[in-house]
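*Asks:* need a 3D model of the following:
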Amino acid sequence: MAPRQRSASSEDEADSGYASGCSTAGLPEVYFTRPHLKFLNQQLAKLDPRDVLKWCITSFPTLYQTSAFGLTGLAIMDMVDKLDFTLKPNIELIFIDTLYHFPQTLDLVERVKQRYPNLIIHTFKPEGCETTREFEEKHGMQLWEADEEKYDYVAKVEPAQRAYSQLNVDGVLTGRRRTQGGKRGELDILEAADDGLIKVNPLANWSFKQVQAYIKENNVPTNDLLDQGYRSVGDWHSTQPVTESEDERAGRWKGRNKTECGIHNKRSRYAMFLADQEQKRQQELSEAISNGLEIEASS
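*Replies:* Numbers count the residues shown, from 1 in each chain. Okay, the predicted model is just below:
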């Protein structure tokens, strides 16, 4: 039974925390209501991250981890690999290769594969593109400057949505934490997206120092860029080193009023982007038809 979210009615507020309906298979489909989601977050906040992972394994039929191989994501990978639990933690990983990662990040991916040979990594790239050259032939040079919203969508959001759909994902583990700053300051351990996808942030309550200590204690492979002043690593064109006094993610999109790439923003943003693209397409089509008619009339 895959947890899903729906708008809670007054009747939902009064029930035990679940609202069930019959599916075509004759089995009940289970939803998280807002009161139940709130209760779960209160309980999960009291647990060690490893116990949160155990809860996830018993709760989601298809559970994946999404990671760009940042420090917190690496800690979660190691915890999953070492998890002492009756049930096998069969958690595979989704990696969105934007085609603009640092060489050090891609090198880390290979080192992770060697360190955790049982970890299955599913790599998703921008649709129809295998190389940076193909991406730029399709979308133009420096799309992140020409149209940042479109870049976020085609390089990150669409591949992520395609991954969730193709892999039939119910829940995903993320490496987001409150102390990373920005919009993550009030992050819950358990979140329900608009389309029902459940996101779990097992280390939401941990500090950067706690993550560092775990990484060092367990000799987890890390990105070489961390030794060069980087603390949060994304695409090479939008990531810079930070100072000790800055937020962990201050080096991402530095100088811009932005802290997220779009993957963890509300889905309405994606819908707005797609609607805008469709409007532009219809306008271009209308102009093309109009120009064609004018040429035909003048000939």
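*Asks:* what's the end-to-end length of stretch 170-177?
*Replies:* One end of stretch 170-177 sits 21 Å from the other (Cα to Cα, to the nearest Å).
*Asks:* name the residues that touch that stretch?
*Replies:* For stretch 170-177, contacts defined as Cβ atoms under 8 Å, 6 or more residues apart in numbering pick out 2-3, 53, 56, 59-67, 70-76, 91, 94, 164, 184, 187, 197-208, 211, 264. For the C-beta atoms, the positions are set from N, CA and C on the backbone; glycine is no exception.
*Asks:* in helices only, show me these.
*Replies:* Leu53, Cys56, Ser59, Leu71, Thr72, Gly73, Leu74, Ala75, Ile76, Tyr164, Phe208, Val211 (DSSP state H).
*Asks:* got a pLDDT number for the last one?
*Replies:* Pointing back at Val211 there. Here the pLDDT value assigned to Val211 is 94.
*Asks:* I'd like the ones in helices among the contacts of stretch 170-177 written out as TSV, with distance to Leu83 and neighbour count added.
*Replies:* Formatted as TSV, these follow (distance: Cβ to Cβ, whole Å; neighbours: other Cβ atoms under 10 Å):
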residue	distance to Leu83	neighbour count
Leu53	6	22
Cys56	10	23
Ser59	15	18
Leu71	19	22
Thr72	16	27
Gly73	16	22
Leu74	15	24
Ala75	13	24
Ile76	10	27
Tyr164	23	20
Phe208	23	16
Val211	17	23
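*Asks:* distance to Arg34 added to those residues, as JSON lines?
*Replies:* Formatted as JSON lines, the ones in helices among the contacts of stretch 170-177 follow (distance: Cβ to Cβ, whole Å):
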{"residue": "Leu53", "distance to Arg34": "24"}
{"residue": "Cys56", "distance to Arg34": "20"}
{"residue": "Ser59", "distance to Arg34": "18"}
{"residue": "Leu71", "distance to Arg34": "32"}
{"residue": "Thr72", "distance to Arg34": "27"}
{"residue": "Gly73", "distance to Arg34": "28"}
{"residue": "Leu74", "distance to Arg34": "33"}
{"residue": "Ala75", "distance to Arg34": "30"}
{"residue": "Ile76", "distance to Arg34": "26"}
{"residue": "Tyr164", "distance to Arg34": "23"}
{"residue": "Phe208", "distance to Arg34": "31"}
{"residue": "Val211", "distance to Arg34": "30"}
